[in-house]
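Participant: Kindly generate the corresponding structure for this input.
(one chain, ligands or ions: 2)
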Amino acid sequence: MRIVAEDLTYIYNPASPFAVKALNGVSLTVEEGEFFGIIGHTGSGKSTFVQHLNGLIRLPSSLKKRKRPRGWKNIPPAVLKVGDFDLADPKTDFRALRKSVGMVFQYPEYQLFAETVKEDVAFGLKNFTEKGKAKPTDEEIAAAVKDALHVVGLDEGIAEQSPFDLSGGQRRRVAIAGVIVTRPEVLVLDEPAAGLDPLGKREIMELLHRIHGDWCKTVVIVSHDMDEIAENCTRVAVFSEGRVVRCAPPAELFKDAASLLALGLDIPLTAKLTLALEKRGISIDCDYTMKDFVRRVLARKGGGQ
Ligand SMILES: Nc1ncnc2c1ncn2[C@@H]1O[C@H](COP(=O)(O)OP(=O)(O)O)[C@@H](O)[C@H]1O
Ligand SMILES: [Mg+2]
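Facilitator: Numbers count the residues shown, from 1 in each chain. Ligands and ions are numbered 1, 2, ... in the order given. Alright, predicted model coming up:
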């Protein structure tokens, strides 16, 4: 499913003195199959944007007129499509959309509530039975939970435990399992590795790669970690003040490190090293993955410089 946004605007608390324009004309396209990154300063609109993708935040045009808050009537018409779902259209089946687009919020482990891991992961599945379809049987649920736990790298033994007895990283993986168990085509994660230690981060990124492709065709992640972005993403959108100011593959984006630094953003370690070497007259033309960086540095060394 392709994601297309054109001119998306969103105002929190419209028609009040506390109105905040969180999105101010966001336009971007995510192709099916991408591992797409979203970066940007705190408050630039990343979370507000991704919450639109499964209809958690609705476009004004998709709500009945009487449900639209005052202050929204001046918002220009926008386009938001996820595959065949037209999110600007009130006739869209938002329940079916939520099944196709899985959403992992920031710190999702705080939303675990069931007594066992198994029940927590199964919750989404029981909740998402489509209209007109039979409810999954207990055996089907058990099999789906087992598969989901397996793909997030947790062993089956954990299924009977309380989520509260697990480590932070394990709890987060349980929360992710609870979203992917419905096999959404698109998986959206808001800062999936935030607050974890380096090992926990690596495990999350590894599991996202396992999920991407066979399990969820398209993955969209919001991240602050530029190394993570450089290593993993097909393309990256840079948000600033509620707009997309750049959208490019990491290899292109990080070439222009100065403009990211000017936005107050970090750059990957490989880009920092490239800049430091440039100051000494050594130019390294890499794609900013660590592997490519090292390979190119070694190639120069081999060349006798
Ligand atoms: N629930 C809310 N109510 C009011 N303002 C909000 C709310 N959520 C976010 N905002 C504001 O909207 C803007 C964009 O926020 P957000 O989408 O959370 O950005 P990011 O995820 O990039 O940090 C910020 O100015 C933020 O303070
Ligand atoms: Mg955010």
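Participant: show me where this structure has helices.
Facilitator: For the chain, applying DSSP state H gives helices covering 46-52, 94-100, 117-127, 138-151, 168-180, 198-211, 226-232, 250-253, 257-262, 269-279, 290-302.
Participant: which residues sit against the second one?
Facilitator: By Cβ atoms under 8 Å, 6 or more residues apart in numbering, the surrounding residues in contact with helix 94-100 are 1, 54-55, 58, 82-83, 85, 87, 128, 130-131, 182, 184-186. (Glycine included, C-beta is placed from N, CA and C.)
Participant: how about 7 Å then?
Facilitator: With contacts defined as Cβ atoms under 7 Å, 6 or more residues apart in numbering, helix 94-100 is touched by 1, 54-55, 82-83, 85, 128, 130, 182, 184-186.
Participant: So for residue 168, what's the pLDDT?
Facilitator: With respect to pLDDT, residue 168 scores 87.
Participant: picking that back up, compare the helices of the chain and give me the one nearest ligand 1.
Facilitator: Ligand 1 lies closest, by Cβ to the nearest ligand atom, to one member of the helices of the chain: helix 46-52, at 3.2 Å.
Participant: Quick check, pLDDT for residue 131.
Facilitator: Model confidence at residue 131 (pLDDT) stands at 67.
Participant: Which residues of the stretch 1-150 of the chain lie near ligand 1?
Facilitator: Residues of the stretch 1-150 of the chain lying near ligand 1 by Cβ under 6 Å from any ligand atom: 12-13, 20, 22, 40, 42-48.
Participant: which of those are buried?
Facilitator: Among these, those buried by neighbour count (16 or more other Cβ atoms under 10 Å) are 22, 40, 44-48.
Participant: burial of the residue of the stretch 51-200 of the chain found nearest ligand 1, as a residue count?
Facilitator: Closest approach of the stretch 51-200 of the chain to ligand 1 (Cβ to the nearest ligand atom) occurs at residue 190, with a separation of 7.2 Å. Residues near residue 190, counting by other Cβ atoms under 10 Å, number 21.
Participant: I'd guessed it sits against residue 51; true?
Facilitator: No. Contact criterion Cβ atoms under 7 Å: residue 190 and residue 51 do not qualify, at 8.1 Å.
Participant: Would you mind measuring from the residue nearest the centre of the chain to residue 75?
Facilitator: Computing the C-alpha centroid of the chain and ranking residues by Cα atoms, centre = their mean puts residue 221 first, at 2.4 Å. Using Cβ to Cβ, to the nearest Å, residue 221 is found at 27 Å from residue 75.
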